[in-house]
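> pasting the sequence and the predicted model now:
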Amino acid sequence: MSTLKNKVQLIGNVGNEPEITNLDSGKKVAKFSIATNESW
């Protein structure tokens, strides 16, 4: 099976401090808001 990888670049201003959560698997997830002046 081939490995699929995607790349995303987000440009803007971070609204709040990131919320970091530890998963049961030992990995970490960061959640944050971002503000831009463009819409799609």
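Right, received. Where do you want to start? Numbering: from 1, shown residues only.
> now the strands for this structure?
Secondary structure of the chain, counting by DSSP state E: strands at 13-14, 19-22, 28-31, 34-35.
> mind checking which of these is nearest Thr3?
Between Thr3 and these, the shortest separation by Cβ to Cβ is 20.6 Å, and it involves strand 28-31. In this view, the C-beta of every residue, glycine as well, is placed from N, C-alpha and C.
> before we move on, the earlier item: with mean pLDDT added, can I get the strands of the chain in TSV?
Formatted as TSV, the entries for those read as follows, by pLDDT from 0 to 100:
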stretch	mean pLDDT
strand 13-14	91
strand 19-22	96
strand 28-31	94
strand 34-35	89
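> out of those strands, which is closest to Leu4?
Between Leu4 and these, the shortest gap by Cβ to Cβ is with strand 28-31, which sits at 19.9 Å.
> burial of Ile11, as a residue count?
If you count neighbours by other Cβ atoms under 10 Å, Ile11 ends up with 7.
> from Trp40, how far out is it?
Taken as Cβ to Cβ, to the nearest Å, the spacing of Ile11 relative to Trp40 amounts to 13 Å.
> now do the end-to-end distance for stretch 16-29.
Taking Cα to Cα, to the nearest Å, the span from the opening residue of stretch 16-29 to its closing residue is 15 Å.
> Serialize the strands of the chain to JSON lines and add fields for distance to Asn6.
Converted to JSON lines, these look like this (distance: least, Cβ to Cβ, whole Å):
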{"stretch": "strand 13-14", "distance to Asn6": "21"}
{"stretch": "strand 19-22", "distance to Asn6": "22"}
{"stretch": "strand 28-31", "distance to Asn6": "17"}
{"stretch": "strand 34-35", "distance to Asn6": "18"}
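> among those, which comes closest to Lys5?
Across these, closest to Lys5 is strand 28-31 (Cβ to Cβ), at 18.1 Å.
> fine by me, we can end here.
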